[in-house]
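In: coordinates for the following, if possible.
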Amino acid sequence: ESSHVIADTAHLLSSPPKTDNYSHILIFIISSNQNKMKLLISALVISGAAAFAPSMGGRSMTSLDASVVYYSTSTGNTETVAQYIADAAGNGDIQEIGDASESEVAGFDGLIIGAPTWHTGADEQRSGTSWDDFLYDTLPNIELEGKNVAVFGMGDQEGYGDNYCDAAGELYDLFEAKGCKMFGLTSTDGYNHSDSKAERDGKFCGLMMDEDNQYDLSEDRAKAWVEQLKSEGFAF
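Out: Next comes the predicted model:
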């Protein structure tokens, strides 16, 4: 009985069925039952190599690879700029920080983070968005030592020139205190503000944007900043 099955198997191997764009896999399962060898042959038809593609599961890796753009917004301006940055980096995906879990944030090598400023003059919780709770309730619980972080901020130079992008400075300070490596400081040239808590040693602590008064500069600023981050070795 075994010899007949083996002969049939050899025939299948030498003359497999012909179907377009499919691979044929012969699975041999040999089992023993009271000293009788049984050979089971099963033909499994699958569509090309795509069937073998591993599932990433959870979050998907994009051209940003191990990095993510996190934002929160009140009027939509921060979301708009977050998208400019993601597009400049070749990644269409942005995420609201209020929807992020601790494990998700910790799972990225690089974090690009941005917030608007609503609570002008405040020492903490300056953004008036989901960042306020995240920074003081969630961030302390996450291990971020050595993570690459770049900050962007939104502000209104004409209406709130004394507190331009203050919340970006808050993000910078708290993530730096967690042991993150900070990237992307930029020049204050070309801005009309009078004071900002987002300045560090004469530079902005990241990319500062003004969708109210300089919206026409935003996309080009985002592109230039992404190129700067790449040159600095940010974890794209």
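In: which stretches in this structure count as strands?
Out: For the chain, applying DSSP state E gives strands covering 23-33, 36-46, 67-71, 95-96, 110-115, 148-154, 181-183, 199-200, 203-204, 206-209.
In: tell me the mean pLDDT for the last one?
Out: I take that to be strand 206-209. Regarding strand 206-209, the rounded mean pLDDT is 98.
In: packing partners of that strand?
Out: helix 77-88, strand 148-154, helix 166-177, helix 218-232 (3 or more C-beta pairs under 8 Å, 6 or more residues apart in numbering; DSSP states H and E). In this view, the C-beta of every residue, glycine as well, is placed from N, C-alpha and C.
In: redo those as a markdown table? Include mean neighbour count.
Out: Below are those laid out as a markdown table (neighbours: other C-beta atoms under 10 Å):
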| stretch | mean neighbour count |
| --- | --- |
| helix 77-88 | 22 |
| strand 148-154 | 28 |
| helix 166-177 | 23 |
| helix 218-232 | 17 |
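In: for Glu211, which of the ones you listed is the nearest?
Out: With C-beta to C-beta as the measure, helix 77-88 is the member of the helices and strands packed on strand 206-209 nearest Glu211 (4.0 Å).
In: angle of the closest one against strand 148-154?
Out: Between helix 77-88 and strand 148-154, the angle comes out at 130 degrees (axes from the mean of the first three to the mean of the last three C-alpha atoms, to 10 degrees).
In: can I get helix 77-88 as CSV, trimmed to CA atoms?
Out: Taking Å, rounded to 0.1, in the frame of the first residue of the first chain, the C-alpha atoms of helix 77-88 are listed here in CSV:
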residue,chain,number,x,y,z
ASN,A,77,-4.3,74.5,13.0
THR,A,78,-1.9,72.1,14.8
GLU,A,79,-3.4,69.1,13.0
THR,A,80,-2.8,70.9,9.7
VAL,A,81,0.8,71.5,10.5
ALA,A,82,1.2,68.0,11.8
GLN,A,83,0.1,66.8,8.4
TYR,A,84,2.5,69.1,6.6
ILE,A,85,5.4,67.6,8.6
ALA,A,86,4.2,64.0,8.1
ASP,A,87,3.9,64.6,4.3
ALA,A,88,7.3,66.2,4.1
